[in-house]
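J.: whatever this is, show me its structure:
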Amino acid sequence: MGLFDRIKKSLFSQPEAESTEKDKQAEAQQSTEADKSVNSEEKKVEPATADEKKPLEAEPAAELTKEQESAEAKPEPEQVEATGEAKEDHDQQEQLYEQGLAKTSSSFGSKLNAFFANFRSVDDDFFDDLEELLIESDVGVDTAEKLTDQLKQDAKLNKAKTKAELKATIVQGLVKIYAEGGDTDQEKLAYDPAKHPNVYLFVGVNGSGKTTTIGKLATRFQKEGKKVMLAAADTFRAGAVEQLQRWGEQAGVPVVTGPAQADPASVVYDACEQAKAGEYDYLLVDTAGRLQNKVNLMNELAKIQRTIKKLLPDQPAETLLVLDGSTGQNALLQAKDFDKTTKLTGLVLTKLDGSSKGGVVLAIRSEMKLPVKLVGLGEHADQLADFDAEAYAVGLFHDLV
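T.: Predicted coordinates:
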């Protein structure tokens with residue numbers, strides 16, 4: 001089942017159809033049991049002759065064989081437990097997204113409901129107003145235009161006329177645009193267990209949440225039993241090194257630092273040497289906050305990347321741009337500018353729980369092929385989640401269907 005179909009199933013499930021299927025299964029089971037009962041009665045009525053005694057004695061063994069077959073067909077307790085844990089993890093993930101995107105879902109939902117309160121007919125004015133609403137919801141101008149054109153066709157094909165039908169068509173259109181935006185397998189963080197270390201380089205402007213993201217990720221990896229090291233290459237911002245050290249102490253992982261105002265590349269070089277010698281699984285590198293239009297700082301970032309490759313030619317495994325999701329379209333502009341000068345492998349969107357602008361994920365996905373790999377949905381360490389397109393869509397559109 002593809003991403004689009006999974007999301008549709010989650011959002012537009014049909015309880016009645018499921019109930020009908022269960023009823024059919026129940027009826028079939030009752031019919032089977034009734035047939036067994038009739039056969040049993042027939043056996044009781046027929047007299048047992050001497051020649052028939054031997055087969056009758058063999059019946060318990062046959063019955064036992066059926067029971068054994070039934071037992072073999074049942075999943076092992078470990079399989080049941082694993083399946084139950086997987087479902088529980090999935091439910092917890094969806095709940096985390098639902099809570100983290102509550103403000104966005106509520107804001108988007110209220111705007112859409114207000115839009116439909118003035119609904120009269122499906123005409124050009126309807127779609128013009130819808131396009132304006134989508135732009136206001138940080139879906140992006142290009143994405144809003146593309147989506148509106150698509151919805152015109154979908155509304156005709158689906159013959160959507162009522163408010164509920166049109167709303168469902170809009171949501172499905174948004175999901176479809178996301179699903180077509182790229183390969184969801186690329187959303188997973190790169191990791192090669194044969195390589196020591198896997199280097200993650202974090203970049204972004206000050207205040208986007210780089211250091212906090214690194215601390216949360218280090219905590220997660222440490223709990224998973226991985227060897228983790230941090231590199232404090234943000235040597236310019238006052239308190240940046242101390243902040244990373246506090247996260248390191250909390251997570252129980254070492255932090256490589258240098259003198260005040262040290263060359264960031266020299267700190268990274270030392271960290272790569274130590275992580276390689278100690279066979280660490282991960283080296284997470286914090287860098288100075290930089291505006292995407294500051295040439296000197298962007299050149300410094302390129303120098304750090306070259307330094308990593310001197311010791312570890314196939315690293316960094318990830319170069320992640322950390323974006324403050326609450327900035328909406330500004331986050332999209334930053335992503336475009338950074339991607340021009342730095343070879344990014346993915347994005348981290350933070351602070352989505354305190355924002356009503358979670359729709360920017362759709363804009364980034366539609367207008368750029370860069371995958372969102374992590375999202376911040378709360379302040380706690382366990383609220384930095386791997387990006388899950390299905391859970392994101394369900395959380396974003398939860399209040400609309």
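J.: now the strands for the stretch 251-400 of the chain?
T.: 255-256, 282-287, 318-324, 346-350, 372-376, 384-386 (DSSP state E, counting those that start in this stretch).
J.: closest one to residue 237 among those strands?
T.: For the strands of the stretch 251-400 of the chain, distance to residue 237 was read as C-beta to C-beta. The smallest value, 9.8 Å, belongs to strand 282-287. Bear in mind the C-beta positions are built from the backbone N, C-alpha and C, glycine included.
J.: quick one, which of the strands of the stretch 251-400 of the chain gets closest to residue 219.
T.: Proximity to residue 219 (C-beta to C-beta) singles out strand 384-386 among the strands of the stretch 251-400 of the chain, at 8.7 Å.
J.: tell me which other helices or strands that closest one touches.
T.: Here strand 384-386 touches helix 77-100, helix 210-223, strand 372-376, going by 3 or more C-beta pairs under 8 Å, 6 or more residues apart in numbering; DSSP states H and E.
J.: compare the ones you listed and say which comes out lowest on pLDDT.
T.: For the helices and strands packed on strand 384-386, the weakest mean pLDDT is recorded on helix 77-100, namely a mean of 57.
J.: any idea how far residue 338 is from residue 235?
T.: Using C-beta to C-beta, to the nearest Å, residue 235 is found at 20 Å from residue 338.
J.: more neighbours: those two, which one.
T.: For residue 235 and residue 338, the more surrounded residue by other C-beta atoms under 10 Å is residue 338, and the numbers stand at 23 against 20.
J.: ok, now which ones touch the more buried one?
T.: 203, 204, 292, 321, 344 (C-beta atoms under 8 Å, 6 or more residues apart in numbering).
J.: from the residues you listed, which is closest to residue 259?
T.: Checking the contacts of residue 338 one by one against residue 259 (C-beta to C-beta), the nearest turns out to be residue 203, at 22.5 Å.
J.: so the closest one sits against residue 214, correct?
T.: No: under the criterion of C-beta atoms under 8 Å, residue 203 makes no contact with residue 214, lying 11.5 Å away.
J.: neighbours of the residue nearest to residue 349 when sequence neighbours are not counted, how many?
T.: In space, residue 349 comes closest to residue 325 once its chain neighbours are excluded; the distance is 4.2 Å by C-beta to C-beta, 6 or more residues apart in numbering. Using other C-beta under 10 Å, residue 325 has 31 neighbouring residues.
J.: do residue 333 as well
T.: Neighbour number of residue 333 under other C-beta under 10 Å is 12.
J.: same thing with residue 194?
T.: 5.
J.: can you pull the contacts of residue 284?
T.: Applying C-beta under 8 Å, 6+ apart, the residues contacting residue 284 are 200, 202, 214, 217, 218, 228, 229, 230, 231.
J.: among those, who's most crowded?
T.: Highest neighbour count within the contacts of residue 284, by other C-beta under 10 Å: residue 231, with 31 neighbours.
J.: quick one on the thing from earlier: is it possible to get a markdown table of the strands of the stretch 251-400 of the chain that adds distance to residue 306?
T.: Below are the strands of the stretch 251-400 of the chain laid out as a markdown table (distance: least, C-beta to C-beta, whole Å):
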| stretch | distance to residue 306 |
| --- | --- |
| strand 255-256 | 18 |
| strand 282-287 | 13 |
| strand 318-324 | 13 |
| strand 346-350 | 21 |
| strand 372-376 | 23 |
| strand 384-386 | 29 |
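J.: out of the ones you listed, deepest packed?
T.: Per-stretch averages of neighbours, counted by mean count of other C-beta atoms under 10 Å, single out strand 282-287 among the strands of the stretch 251-400 of the chain, with a mean of 28.
J.: that one to helix 210-223, inter-axis angle?
T.: Strand 282-287 and helix 210-223 are oriented at 170 degrees to each other (axes from the mean of the first three to the mean of the last three C-alpha atoms, to 10 degrees).
J.: partners of strand 282-287, with directions?
T.: strand 198-203 (parallel), strand 228-233 (parallel) (DSSP bridges).
J.: make a markdown table out of those and add mean pLDDT and distance to residue 164.
T.: What follows is those, written out as a markdown table (pLDDT from 0 to 100; distance: least, C-beta to C-beta, whole Å):
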| stretch | mean pLDDT | distance to residue 164 |
| --- | --- | --- |
| strand 198-203 | 96 | 44 |
| strand 228-233 | 97 | 49 |
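J.: can you map out the helices along the stretch 251-400 of the chain?
T.: 264-277, 295-311, 329-341, 360-367, 389-396 (DSSP state H, counting those that start in this stretch).
J.: name the residues that touch the longest one?
T.: Think helix 295-311. Contact with helix 295-311 is made by 199, 201, 203, 233, 264-265, 268-269, 272-273, 276, 285, 287-288, 290-292, 315-316, 319, 341-343, as judged by C-beta under 8 Å, 6+ apart.
J.: now, of the residues you listed, which are buried?
T.: Buried members of those, counted by 16 or more other C-beta atoms under 10 Å: 199, 201, 203, 233, 264-265, 268-269, 272, 276, 285, 287-288, 290, 292, 315-316, 319, 342.
J.: to residue 191, which of the strands paired with strand 282-287 lies closest?
T.: Per C-beta to C-beta, nearest to residue 191 of those: strand 198-203, 5.4 Å.
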